[in-house]
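> Build me a structure from this.
(2 chains)
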Amino acid sequence: MSEAPSNPYQTPNVTEELTGSGAPLMGSAIPAQSRALGRWQMVMSIVLFVFTGLVALYLLFMMVMMFGFVGGQGGPGEIGAMIGGLSCGLLMVGLFYLLPAVALLQAANTAKRFSSTTDRNHLADLVKAQLRFWRLTGALVIVGVGLFGVGVVAQLALAL
Amino acid sequence: MSQEIFSNPETLPADEELQPARETLADLAALAFWQRLVSVVLFIVAGLLLVALVFPLFVGNEAIGDSLVGLACVGLPGTVLYVLPAVMLVRGAKASADLAAGRGSYALLPFLDSQRSFWKTLGILCAVMFVLWLGMMVIAVVGLTFSMSRM
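Presented below is the predicted three-dimensional model:
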C-alpha cells in the first residue's frame, strides 16, 4: 500500500499513483472521468442546440420583418431573393451548429455508456464517437476557412 | 472471458483489460490528428486577432490610446477565448496520441482527463461569456432607459 500523503488536502497526483499498483484508484477514476466528460459534452451540446434555435429564430424574424417591409411593394424577384437568402442562412446554421451539436450529443451519450459499462467495446464506441465529432469539426473548420478566403478575395476584387 | 469486465469498477485490473483494440488505436491516432488541426487553427485565429489589434499601434492613423483600450478590452479576452481552448486541445491531442501509441490502459485515464478538461474549460468560458453578454445587455437597457428619461 502506498504511503499516505503528508498533506491530507493535497490534490492526489494521478500520474504518480498510476505508476504504482494503483489499480483500485484507476478503477474508480475511469468511470468518474468518463461520466464527467459525458456531462460537459452534454452541456455544450445543449448550448449549441439553444444557439442554433436562437439564430434560426432570428433569421425567421428578420425574414418576416423584411417580408412585411418589401411584401407590399417588392416583385417576385425580391421576395425570391429573400427566401433564397434565408434558406442559405438556415443551411449554414444547420451545417455549422446543428450537425456538431448532434455529433456532440452522440459523443456525450457514448461517454456516459462507457462510464456505466467500462469495457473494451464501449471504449471503442467512445473513441469512434469522439473521432466523428472532431472529424466533422475539422472539416467544418476547413470549409469555414475556405469560405473566409473566398470572402476576402471577393472583397479585394470589389475594392479594386 | 466475457466482454463485461468490471462488475465492480473498484476492482479494475489496470493494464490488460482495457487495452484498446487495433482498430481503436487507429481511431485514436486519427482523433489526435483532427484535434491538433483544430488547435492549430485556433492558435492562428488568436494570432490574427492580436495582429489586427496591434497593427494600428504601429500605423499611427488613430489615437494610440484608443488602440490600447481596444487591445485591453477586446484583444486580451479574445486571445484568452481562443488560446486557452487551443492549449487544452493540444493536451487532449497529445493524450490521444499517447493512448494510440499503445501505452496501454495506463494512458486511458490521462486521455479521459484531458478530454474532460477541454470540455470543462469550454463550458466555463461559455458561462463567463454569457454572464458578460447579460451584463452588457443590462447596462445597455439601463443606459437607454436613463437617457430616455432625461429627454
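> Pretty sure A:Phe67 sits against A:Gly80.
No - taking contacts as CB atoms under 8 Å, A:Phe67 lies outside contact range of A:Gly80: 11.8 Å. Just so you know, the C-beta spots here come from the backbone N, C-alpha and C atoms, and that holds for glycine as well.
> Neighbour count for these two, which is higher?
Between A:Phe67 and A:Gly80, counting by other CB atoms under 10 Å in any protein chain shown, A:Phe67 is the more crowded of the two (16 against 11).
> all helices of chain B, in order?
Secondary structure of chain B (DSSP state H): helices at B:22-59, B:64-70, B:76-100, B:108-150.
> Now the weakest link among these, please, by mean pLDDT.
Across the helices of chain B, helix B:64-70 has the smallest mean pLDDT, namely a mean of 71.
> about what we covered before: okay, the helices of chain B, which one's buried deepest?
Comparing those by mean neighbour count (mean count of other CB atoms under 10 Å in any protein chain shown), helix B:76-100 ranks first with a mean of 20.
> what's the average pLDDT for the helix or strand where A:Met63 lies?
Assigned by DSSP states H and E, A:Met63 belongs to helix A:23-70. For helix A:23-70, the mean per-residue pLDDT is 85.
> and the next element down the chain from it?
Moving toward the C-terminus from helix A:23-70, the next helix or strand (DSSP H and E) is helix A:76-93.
> just the CA coordinates of that next one, formatted as PDB?
This file holds the C-alpha atoms of helix A:76-93, laid out as PDB (Å, rounded to 0.1, in the frame of the first residue of the first chain):
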ATOM      1  CA  PRO A  76     -41.500  38.200 -57.000                       C
ATOM      2  CA  GLY A  77     -37.800  38.500 -57.700                       C
ATOM      3  CA  GLU A  78     -37.100  40.400 -54.500                       C
ATOM      4  CA  ILE A  79     -39.200  38.000 -52.400                       C
ATOM      5  CA  GLY A  80     -37.500  35.000 -54.100                       C
ATOM      6  CA  ALA A  81     -34.100  36.500 -53.300                       C
ATOM      7  CA  MET A  82     -35.200  37.000 -49.700                       C
ATOM      8  CA  ILE A  83     -36.300  33.400 -49.400                       C
ATOM      9  CA  GLY A  84     -33.100  32.200 -51.000                       C
ATOM     10  CA  GLY A  85     -31.000  34.300 -48.600                       C
ATOM     11  CA  LEU A  86     -33.000  32.900 -45.600                       C
ATOM     12  CA  SER A  87     -32.600  29.300 -46.900                       C
ATOM     13  CA  CYS A  88     -28.900  29.800 -47.300                       C
ATOM     14  CA  GLY A  89     -28.600  31.200 -43.800                       C
ATOM     15  CA  LEU A  90     -30.600  28.300 -42.300                       C
ATOM     16  CA  LEU A  91     -28.400  25.900 -44.200                       C
ATOM     17  CA  MET A  92     -25.300  27.500 -42.800                       C
ATOM     18  CA  VAL A  93     -26.700  27.400 -39.300                       C
END
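> Buried residues in it, which are they?
Counting neighbours by 16 or more other CB atoms under 10 Å in any protein chain shown, one finds that the buried residues in helix A:76-93 are A:Met82, A:Leu86, A:Gly89, A:Leu90, A:Val93.
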